[in-house]
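Chemist: The following block contains a protein sequence and its predicted model.
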Amino acid sequence: MASFIQLLVSGLATGAIYALIAVGFTLLWQTSQTINFAQGEFVMLPAFFILAAMNWGAPFWLATLIGIALSVGILGLLFKIIIVDPMLRHGVLPLVISTIALSLFLKESVKDFYSSQAQPFPALVPSTDLHIFDAVISSQSLAVLAVAIVAVVALQLLLNKTRVGRCMQATAQNPTLARILGIPTRRMVLYTFLINGALVAVASILVSPIYLAKFTNGETLGMAAFVAAIIGGYNQVRGAILGGVILGVLDNLSAAYISSQYRGAFPLLILIAVILLRPQGLLGRIEERTV
Amino acid sequence: MNRLGIIAVGAAVIFAIVVPFLLKPFGVYLISMWAVLTIAAIGLNLTLGYAGQISLAQGAFVGIGAYAVALMTQAGWPYPIAFVGAGSLCFIIGWGLGYPALRVQHHYLAFVTLAFTTLVFLVLRNEEWLTRGIYGISGIERPTFLGWSTAGARDFYFFCLGALTAFSAATWWMLRSPWGRAFVALRENPVRALSLGLDTRRYTLMAFAIGSSLAGFAGAIYAPLVQFIEPNSFALGLSFNLLLIVIVGGSGHFFGPFVGTLVAVLLPEWMRITQGYYLMVYAAIVMLLLAFCPSGLVGLMERAAKAVMIRRNLDRIASAERISR
């Protein structure tokens, strides 16, 4: 039982990170039909921004802020202007392929210009073990959970309680109608890209102390984001959160109790099952958009 | 095809026959690899370019074909039977994967095939009793046909070229048959194709299964070419590469895969001087190409050829007017 609780907590922590990545992925899809195959690389990159800033002599907190700012600027703004805007004219499929090429580009750039070795990355809190009902739980897992929950709650408040957030939702649900109602839809779409830039930076800060910062990190993280987004429901932020958490917990439990060799396989089997049996995802609506 | 096209293809064929005599063994190996990957890319072009479905499973099918041939020949089966077996196996698996997966389309299919590729990789890596896991299978022998041994690099290249010619001819014929026309109709306007009485799902499935079997045949030649196979060669990277090859060459253009593979095989060699940067440059080229010319290099050439023709016609008209004046 104790080991089950341990696995559950570390699974929840992993799941919370997956959820952050999946939420950003879903936001882009909802507002602009951008299926970002480079989302995993987007999570891999901010860690290197931060490491580079620290190499220049910045303290960790400042480097973190610089990393988030660079991430919002490059992975949010520049990504939108340079890749997405010119490509969307050609349709969704060329954009998908372009983001695949982008993921290769980012991965190789980090390998060539920074390092191909895994880099140690400072943790948010000193790692100590807490004993709760016989279970040993690392303070890092709890810190990850806390930060992720704060980020997700803040995002939900932004989307549901503020005017800008509601305008963004309207843009996602019906762009034409939103424009008629006087919502600056283009700016709303841009905001989602910026939010995605911030979300991947937070995810990067949370995940890099655990996995170390490495140029290949994006492969597994990106896959986790797709799977989480689809399991939960492609067109729902809530769905992406649920999907991420399910995935993280399942990943840890199946590795411990069923087979560690096939650890990577269970999420994929669930993905295939969900796509075939319930393509709109667990919480999703059936899509009526024809684009 | 116009006269210009026929001349170009004829020149390319002669070049392909002459070139191995001018190259060192490594060069011959490279053009053999070009022929093998082109077969797989032709298959993906059917799925992507003609039936309009993104598949990220092509690399996995190459892997299945390669492992099938390696295991069957080492178990004592003759190569031709193993070859046909590899292609048929991929056809069946492609059908089995496509049958449920094609209920969902486009990006969902991309995700399902992505998952499939990763699953195949895990099976190849973990099922050591069958695939020998991460140690891979070495010592795969090159076949002998009716006394013609293909053990030499040049001989094997001609086997690859022969296979490429046969598969391209078959594909060319198929694309001009009612089937091929149906594939194109599917891509251009699925709703209209359906309303004209085409069973769209069956045709899409057919394109997917045939595309997969071509990947299987490519794998069946890949195994004796490299003579050593391991799971990592068939991970997601290969599927991504094949996808980029088809896009760079020009998806939906018959000669797209030939040109795309040429770029993908030769570019890294030309860019040896830049050391590790070639993948970065390659990715950047793909993005630029997609933004400015989504129809790929062959599309670019066609555009250029058309521009030249139009100018020539304009000149002719202009000179004719001058004479009449």
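Modeler: Cool, got the structure.
Chemist: Tell me where chain B has strands.
Modeler: Taking DSSP state E as the criterion, chain B carries its strands at B:137-138, B:144-145, B:148-149, B:228-229.
Chemist: Go through these and pick out the most buried.
Modeler: Compared across the strands of chain B, strand B:228-229 shows the largest average neighbour count, a mean of 19 (mean count of other Cβ atoms under 10 Å in any protein chain shown). Where C-beta positions appear, they are placed from N, C-alpha and C, glycine not excepted.
Chemist: Stretch A:212-221 spans what distance, first to last residue?
Modeler: 13 Å (Cα to Cα, to the nearest Å).
Chemist: Show the contacting residues for A:Leu88.
Modeler: A:32-34, A:95 (Cβ atoms under 8 Å, 6 or more residues apart in numbering or on different chains).
Chemist: quick one: pLDDT of A:Ala135?
Modeler: What the model reports as pLDDT for A:Ala135 is 71.
Chemist: The one 3 residues further on too?
Modeler: Model confidence at A:Ser138, expressed as pLDDT, equals 80.
Chemist: And for A:Leu253?
Modeler: With respect to pLDDT, A:Leu253 has a value of 84.
Chemist: Check the stretch 151-291 of chain A for the residue nearest chain B and tell me.
Modeler: A:Leu268 (4.0 Å; Cβ to the nearest Cβ).
Chemist: How about that residue: what's its closest non-neighbour residue?
Modeler: Spatial nearest neighbour of A:Leu268, excluding adjacent residues (Cβ to Cβ, 6 or more residues apart in numbering or on different chains): B:Ala115 at 4.0 Å.
Chemist: Kindly report the same for B:Leu290.
Modeler: In space, B:Leu290 is closest to A:Ser98, 4.8 Å off (Cβ to Cβ, 6+ apart).
Chemist: Now do the one you found against A:Arg278, distance only.
Modeler: The spacing between A:Ser98 and A:Arg278, counted by Cβ to Cβ, to the nearest Å, is 29 Å.
Chemist: more neighbours, those two?
Modeler: A:Ser98 (28 against 14; other Cβ atoms under 10 Å in any protein chain shown).
Chemist: what does chain A put close to chain B?
Modeler: Proximity of chain A to chain B, by Cβ under 8 Å from any Cβ of the partner chain, involves residues A:35, A:83, A:86-87, A:90, A:92-94, A:96-98, A:100-102, A:104-105, A:108-109, A:111-112, A:219, A:223, A:226-227, A:230, A:261-262, A:264-265, A:268-269, A:271-272, A:275-276, A:279.
Chemist: Drop anything exposed from these.
Modeler: Among the residues of chain A next to chain B, those buried by neighbour count (16 or more other Cβ atoms under 10 Å in any protein chain shown) are A:35, A:83, A:87, A:92-94, A:96-98, A:100-102, A:104-105, A:108-109, A:111-112, A:219, A:223, A:226-227, A:230, A:262, A:264-265, A:268, A:271-272, A:275, A:279.
Chemist: for chain A, what are the nearby residues on the stretch 101-250 of chain B?
Modeler: B:101, B:103-104, B:106-108, B:110-112, B:114-116, B:118-119, B:122, B:126, B:236, B:240, B:243-244, B:247.
Chemist: From A:Asn217, how far off is the residue nearest to A:Leu268?
Modeler: Relative to A:Asn217, and taking Cβ to Cβ, B:Ala115 is found at 19 Å.
Chemist: and if you look at B:Glu127?
Modeler: 27 Å.
Chemist: Output the residue ranges of the helices in chain A, listed in chain order.
Modeler: Secondary structure of chain A (DSSP state H): helices located at A:2-32, A:39-55, A:60-70, A:85-88, A:92-113, A:139-161, A:163-173, A:175-180, A:185-211, A:217-232, A:237-257, A:265-277.
Chemist: Closest to the centroid, which residue in chain B?
Modeler: B:Ala41 (1.2 Å; Cα atoms, centre = their mean).
Chemist: Help me confirm that that residue comes into contact with B:Val246.
Modeler: Yes - applying Cβ atoms under 8 Å, one finds B:Ala41 in contact with B:Val246, separated by 5.5 Å.
Chemist: shared neighbours of those two, anything?
Modeler: B:256-257, B:260.
Chemist: Show me which of the residues you listed is closest to chain A.
Modeler: Using Cβ to the nearest Cβ, the shared contacts of B:Ala41 and B:Val246 come closest to chain A at B:Gly260, 12.4 Å.
Chemist: and the closest one, how many neighbours?
Modeler: 31.
Chemist: Contact partners for it?
Modeler: B:41, B:244-250, B:296-297.
Chemist: Mind doing that once more with 6 Å?
Modeler: Shown in contact with B:Gly260 (Cβ atoms under 6 Å, 6 or more residues apart in numbering or on different chains): B:245-246, B:248-249.
Chemist: Not including adjacent chain positions, what is the nearest residue to it?
Modeler: B:Gly249 (2.6 Å).
Chemist: quick one: that neighbour and B:Leu262 touch, right?
Modeler: No - the pair B:Gly249 and B:Leu262 does not pass the contact test of Cβ atoms under 6 Å, sitting 8.2 Å apart.
Chemist: between those two, who's got more neighbours?
Modeler: Each of B:Gly249 and B:Leu262 has its neighbours counted (other Cβ under 10 Å); B:Gly249 has more, 27 against 19.
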